[in-house]
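> Task: produce atomic coordinates for the following.
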Amino acid sequence: MAIAAAMNNNNNSTQEDNKQQDEHEHDVVMPGFRFHPTEEELVEFYLRRKVEGKRFNVELITFLDLYRYDPWELPALAAIGEKEWYFYVPRDRKYRNGDRPNRVTTSGYWKATGADRMIRSENLRSIGLKKTLVFYSGKAPKGIRTSWIMNEYRLPHHETERLQKKVLNYLLYLS
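Just a heads-up that it's a prediction; the model follows:
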């Protein structure tokens with residue numbers, strides 16, 4: 001009802017009102033919008049679509065070579081978020097022919113904690129993997145643990161082999 005009334009008011013406005021620009025006309029996201037996807041949505045909708053080269057109406061997740069930055073620099077580089085930031089990140093290998101990822105930044109490194117956890121759909125089908133990482137300042141193995149935590153989401157290995165020509169195979173979420 002309020003939307004219809006606002007639309008009706010707008011149709012009856014004067015030419016002078018029409019010439020004034022809306023101060024929010026270039027806002028990417030509407031006020032009150034909160035981006036808080038579930039793990040299933042992150043993997044099945046955002047990551048899978050990005051890897052398959054499909055477009056989004058609104059780009060809410062930034063593509064970023066995350067390991068070129070320290071974690072405290074990342075909030076300014078995100079498209080959205082106050083306490084959580086999302087990035088698509090290309091996979092960087094520590095060794096050219098190896099599987100081991102390179103997670104070193106300019107002043108520290110991201111260290112994996114625990115085992116990978118399976119992300120499952122509602123029908124319990126395996127759709128992705130989640131790895132939790134903690135940022136350590138300094139050089140390994142004597143780095144100092146910080147409070148920065150990152151959850152890394154990726155498609156299952158058998159699917160990334162099929163899509164290997166794609167640069168992107170990680171979706172990262174920081175908090």
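> For K130, which residues are in contact?
Residues in contact with K130, defined by CB atoms under 8 Å, 6 or more residues apart in numbering, are 39, 116-119, 151-153. For every residue, glycine as well, the C-beta is placed using N, CA and C.
> how many other residues sit next to the closest residue to it other than its chain neighbours?
With sequence-adjacent residues excluded and distances taken as CB to CB, 6 or more residues apart in numbering, K130 is closest to R117, at 4.7 Å. When counting by other CB atoms under 10 Å, one arrives at 13 neighbours for R117.
> Assign a three-state SS to R117, would you?
strand (DSSP: H, G, I helix; E, B strand; the rest coil).
> Just to check, it is in contact with L129?
Yes: here R117 lies in contact with L129, judged by CB atoms under 8 Å, at a distance of 7.0 Å.
> Model confidence at Y95, what's the number?
With respect to pLDDT, Y95 has a value of 61.
> Regarding stretch 135-154, how distant is the last residue from the first?
Start and end residues of stretch 135-154 are separated by 19 Å (CA to CA, to the nearest Å).
> hey, what's the closest residue in space to A140 that isn't next to it in sequence bridged with?
The shortest distance from A140 to any non-neighbouring residue, by CB to CB, 6+ apart, is to Y109 (5.7 Å). Taking DSSP bridges as the rule, Y109 bridges to V104, Y136.
> which residues touch Y109?
Neighbour list for Y109: 103, 135-136, 139-140, 143 [criterion: CB under 8 Å, 6+ apart].
> Going through the residues you listed, which ones are buried?
The neighbour-count criterion (16 or more other CB atoms under 10 Å) marks 103, 135-136, 143 among the contacts of Y109 as buried.
> In terms of distance to K83, which of these ranks first?
Minimum distance to K83 across those is 15.7 Å, recorded for F135 (CB to CB).
> Now for M150, how many residues are close by?
For M150, the count of nearby residues is 22 (other CB under 10 Å).
> is it true that it lies in a strand?
Yes: remark: M150 belongs to a strand, assigned using three-state DSSP.
> what about it, distance to F56?
Distance, M150 to F56, by CB to CB, to the nearest Å: 22 Å.
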